[in-house]
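A.B. asks: sequence first, then the predicted structure, then my questions.
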Amino acid sequence: MPIVAQSTETADWVSRFADDVIEESERRAPGKPVVVASGLSPSGPIHLGNLREVMTPHLVADEIRRRGYRVRHLISWDDYDRYRKVPAGIAGVDESWAEHIGKPLTSVPAPKGSAHPNWAEHFKAAMVASLAELGVEFDGISQTEQYTSGAYREQILHAMKHRGDIDAILAQYRTKPKAAKKQQKPLDEAELEAEEGSGAASEDDGSSGSAGYFPYKPFCGNCEKDLTTVTAYDDDSTELTYACTACGFSETVRLSEFNRGKLVWKVDWPMRWAYEGVIFEPSGVDHSSPGSSFQVGGQIVGIFGGKQPIGPMYAFVGISGMAKMSSSRGGVPTPADALKIMEPQLLRWLYARRRPNQSFKIAFDQEIQRLYDEWDKLAAKVADGSALPGDVAAYTRAVGTAAGELPKTRRPLPYRTLASVADITAGHQDQALRILSELDPADPLGSLDEARPRYDRAEAWINTHVPADQRTIVREEPDTDLLKSLDEPSQQSIRLLLDGLHDHWSLDGLTHLVYGVPKVQAGFSADATPKELPPEIKTAQRSFFALLYHLLVGRDTGPRLPTLLLAVGQERVRALLGE
């Protein structure tokens, strides 16, 4: 497979993995598409931590595509996994869901009101929509379809035939005590649950009773649950007998014809590596510790004639102001939640700029404004050629894929400005357009559509993540008592501001004006730089800003003053400041 088009980026973590994956693919399967993989369990909301399971191989696959290779990014939907427990968002509300524990996820009814046929499809659909918005190209594989269609029949029979070899590998780890983890800080409940991952990592590795070890779990023919024990198996006839501990049902089936069961996780995963020819698949901390499924799978995969993929461990993804994420808890943010308040490019960038083993946080609080500032500064540096190569690589991977650029905002105005405008105007789009068109009089915004979708994201953030007591409500009438109580310097500062409003009515102009008033009062030029000013000027500026906030919105703080002034409008500003 010749390199048709080299990546335009210099080496970064994505490029380095792409180099390794291409080399390994040419060694194992020359002439065939490069296979990378992800696995997602739709047992509940698929959260932003799970998204790293997809974004890591996606970014590597996309880099390989940029170089002209054929690539398959497989997403295995682990929808034939057992329903382990009722998610926190439903537990305590409807106890009836507990009766489904032990059934395949595709056999559990969808949450009430859902348009989807079962539990797995309901939670899968939201993730599929988010991945489309993020530009992630993939081939989805339903494990329910694979198992129930008999696609893995040969692999299952092979595993049963070699159950002694599998048991011997697993036995190396069963008796080994787990090393105590060194905790840097106490873990709260959410963090402890997050360490469980999808739950697959903690599943048993097969039944081992008087009849011996078996790496296969049938789902009961009566109650559909996997609370079964294999009591007999004949290799020649493939007759298998099992008993259900949940309902007491027992039956004998011919495994060469039976499709209602699955290999246990620690055997299922390496079987799929061999079956699909996977070259690259990352895994979370829960799958990567000593004795865990990734390490054990590296030995078991040989039984199926395959090799372990290149598999970096990826670290947790957190949320600003929240503990580590676990899909078993209610209210855990999903990619869809993030995409309501940020553009796909920003979310892609957060995953692209950090190596997989580096943890990071996604902001749903005020920090999102700083992140957007950082993103816009990077965009400007990329545009003028001053960005570092690694930053250019992350930016390029964020704004598009090998298939082309993602849809973007035509006029990417500062997010914090858009949020302030959305806050102050409270849904009045004509007012929002008036304010935004005055930001730059030399190049006024002609339509809100020019600022979309970023404006919509900022508005959604204001409406859903900013507490009511932090929202901005402009005064209806002047605070006459406060105005009467002002001393002479305060009155002078207000007069200087009012005198300069007309000539400085733009975002840059008002910024210069509000910062300049305290400088002029102290006898300095409004253009004086911080290095030319004594420290007291900063104190005077803070006091002046607090006074303006009190007179305009009745609080000590608020949106950036230049934006607030534009939003309030010149006439109303003059009235509220006592003119």
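C.D. replies: Here it is on my side, so go on.
A.B. asks: rest of the way, CA atoms for contacts and neighbours
C.D. replies: Fine.
A.B. asks: so which residues of the stretch 251-400 of the chain form helices?
C.D. replies: Applying DSSP state H, counting those that start in this stretch to the stretch 251-400 of the chain gives helices spanning 265-276, 285-288, 293-300, 335-341, 344-352, 367-384, 389-399.
A.B. asks: lowest-confidence stretch among those helices?
C.D. replies: Per-stretch mean pLDDT for those is lowest at helix 285-288 (a mean of 72).
A.B. asks: which other helices and strands does that helix contact?
C.D. replies: helix 293-300, strand 313-314 (3 or more Cα pairs under 8 Å, 6 or more residues apart in numbering; DSSP states H and E).
A.B. asks: in PDB, list the C-alpha atoms belonging to that helix.
C.D. replies: What follows is helix 285-288, C-alpha atoms only, in PDB (Å, rounded to 0.1, in the frame of the first residue of the first chain):
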ATOM      1  CA  VAL A 285      -7.600   2.000  33.000                       C
ATOM      2  CA  ASP A 286     -10.100  -0.700  34.200                       C
ATOM      3  CA  HIS A 287      -9.100  -3.000  31.300                       C
ATOM      4  CA  SER A 288      -5.400  -2.300  31.400                       C
END
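A.B. asks: please tell me how far that helix is from the chain's geometric centre.
C.D. replies: From the chain centre to the centre of helix 285-288 is a distance of 18 Å (Cα atoms, centre = their mean, to the nearest Å).
A.B. asks: with stretch 564-573 instead?
C.D. replies: The answer for stretch 564-573 is 38 Å, by Cα atoms, centre = their mean.
A.B. asks: can you check stretch 413-432 too?
C.D. replies: Going by Cα atoms, centre = their mean, where stretch 413-432 is centred and where its chain is centred differ by 26 Å.
A.B. asks: start the count at 41, not 1, going forward
C.D. replies: With 41 as the first residue, the last one maps to stretch 453-472.
A.B. asks: what is the mean pLDDT for it?
C.D. replies: 91.
A.B. asks: so how far does it reach from one end to the other?
C.D. replies: Stretch 453-472 has an end-to-end distance of 13 Å (Cα to Cα, to the nearest Å).
A.B. asks: same deal with stretch 296-307?
C.D. replies: With Cα to Cα, one end of stretch 296-307 sits 18 Å from the other.
A.B. asks: got the buried residues for it?
C.D. replies: Residues of stretch 296-307 classed as buried by neighbour count (16 or more other Cα atoms under 10 Å): Phe298, Asn299, Arg300, Gly301, Lys302, Leu303, Val304, Trp305, Lys306, Val307.
A.B. asks: just flag the most distant two among the residues you listed.
C.D. replies: Maximum pairwise distance among the buried residues of stretch 296-307 (Cα to Cα): 21.0 Å, between Phe298 and Lys306.
A.B. asks: bridged to Thr268, which residues?
C.D. replies: Cys284 (DSSP bridges).
A.B. asks: residues in contact with it?
C.D. replies: By Cα atoms under 8 Å, 6 or more residues apart in numbering, the residues touching Thr268 are Lys257, Pro258, Phe259, Cys260, Tyr282, Ala283, Cys284, Thr285, Ala286.
A.B. asks: point out where the chain drops to low pLDDT.
C.D. replies: Within the chain, the segments meeting pLDDT under 70 span 41-51, 128-135, 215-244, 247-249, 328, 361-371.
A.B. asks: separation between the closest residue to Val341 other than its chain neighbours and Leu522?
C.D. replies: Setting aside the residues directly before and after it, Val341 is nearest to Pro310 in space (Cα to Cα, 6 or more residues apart in numbering), at 4.6 Å. Counting by Cα to Cα, the gap from Pro310 to Leu522 is 73 Å.
A.B. asks: looking at these two, which one has more neighbours?
C.D. replies: Per other Cα atoms under 10 Å, whichever of Pro310 and Leu522 has more neighbours is Pro310, with 27 against 11.
A.B. asks: which residue ranges form the strands in the stretch 91-240 of the chain?
C.D. replies: Listed in chain order, the strands of the stretch 91-240 of the chain (DSSP state E, counting those that start in this stretch) span 111-117, 179-182.
A.B. asks: quick check: angle from the first one to helix 305-316?
C.D. replies: Between the direction of strand 111-117 and that of helix 305-316, the angle (axes from the mean of the first three to the mean of the last three Cα atoms, to 10 degrees) works out to 150 degrees.
A.B. asks: give the partner strands of strand 111-117 in its sheet and their orientations.
C.D. replies: strand 74-80 (parallel), strand 179-182 (parallel).
A.B. asks: isn't Asp118 right next to Ser182, touching?
C.D. replies: Yes: counting by Cα atoms under 8 Å, Asp118 touches Ser182, with 6.8 Å between them.
A.B. asks: between these two, which has more neighbouring residues?
C.D. replies: Neighbours were counted for Asp118 and for Ser182 using other Cα under 10 Å; Asp118 has more, 22 against 15.
A.B. asks: OK, contacts around that one?
C.D. replies: Here Asp118 is in contact with Gly79, Leu80, Ser81, Pro82, Ser182, Gln183, Thr184 (criterion: Cα under 8 Å, 6+ apart).
A.B. asks: the last one - how many residues pack around it?
C.D. replies: Using other Cα under 10 Å as the criterion, Thr184 is surrounded by 21 other residues.
A.B. asks: show me what contacts it?
C.D. replies: Shown in contact with Thr184 (Cα under 8 Å, 6+ apart): Asp118, Asp119, Tyr120, Thr146.
A.B. asks: quick one: which of these is nearest Asp266?
C.D. replies: Closest to Asp266, out of all of these and judged by Cα to Cα, is Tyr120, at 10.7 Å.
A.B. asks: wait, the closest one sits on Thr146?
C.D. replies: Yes: with contacts counted by Cα under 8 Å, Tyr120 reaches Thr146, the gap being 6.5 Å.
A.B. asks: do you know how far the closest residue to Gly317 other than its chain neighbours is from Ser323?
C.D. replies: Spatial nearest neighbour of Gly317, chain neighbours left out: Val75 (6.6 Å); criterion: Cα to Cα, 6+ apart. Counting by Cα to Cα, the gap from Val75 to Ser323 is 16 Å.
A.B. asks: quick one on the thing from earlier: how near is the residue nearest to Val341 to Val54?
C.D. replies: Distance from Pro310 to Val54, by Cα to Cα: 24 Å.
A.B. asks: count the neighbours of Val461 for me.
C.D. replies: For Val461, using other Cα under 10 Å, the count is 30.
A.B. asks: that one and Leu605 touch, don't they?
C.D. replies: No: counting by Cα under 8 Å, Val461 does not reach Leu605; the two are 10.4 Å apart.
A.B. asks: wait, doesn't Glu437 sit right on Tyr391?
C.D. replies: For the record, residue 437 is Arg, not Glu. No: the pair Arg437 / Tyr391 is not scored as a contact, 9.8 Å apart, by Cα under 8 Å.
A.B. asks: quick one, what contacts the closest residue to Arg312 other than its chain neighbours?
C.D. replies: What sits nearest to Arg312 in space, not counting adjacent residues and going by Cα to Cα, 6+ apart, is Val318, at 8.0 Å. By Cα under 8 Å, 6+ apart, Val318 lies in contact with Val75, Val76, Ala77, Arg312, Gln348, Pro349.
A.B. asks: same question, Ala607
C.D. replies: By Cα under 8 Å, 6+ apart, Ala607 lies in contact with Val461, Ile464, Thr465, Gln471, Ala472, Ile475.
A.B. asks: check the gap between it and Ser460 for me.
C.D. replies: Counting by Cα to Cα, the gap from Ala607 to Ser460 is 9 Å.
A.B. asks: got it, and Ser333?
C.D. replies: 48 Å.
A.B. asks: same check, this time on Thr269
C.D. replies: From Thr269 to Ser460 the distance is 61 Å (Cα to Cα).
A.B. asks: got it, and Ile534?
C.D. replies: 23 Å.
A.B. asks: ok, those two, which is more surrounded?
C.D. replies: Neighbours around Ile534 and Ser460, counted as other Cα under 10 Å, are more numerous at Ser460. The numbers are 24 against 21.
A.B. asks: packing partners for the strand or helix carrying that one?
C.D. replies: Element membership of Ser460, judged by DSSP states H and E, is helix 455-465. Secondary-structure packing of helix 455-465 (3+ Cα pairs under 8 Å, 6+ apart): helix 407-424, helix 469-477, helix 494-505, helix 601-608.
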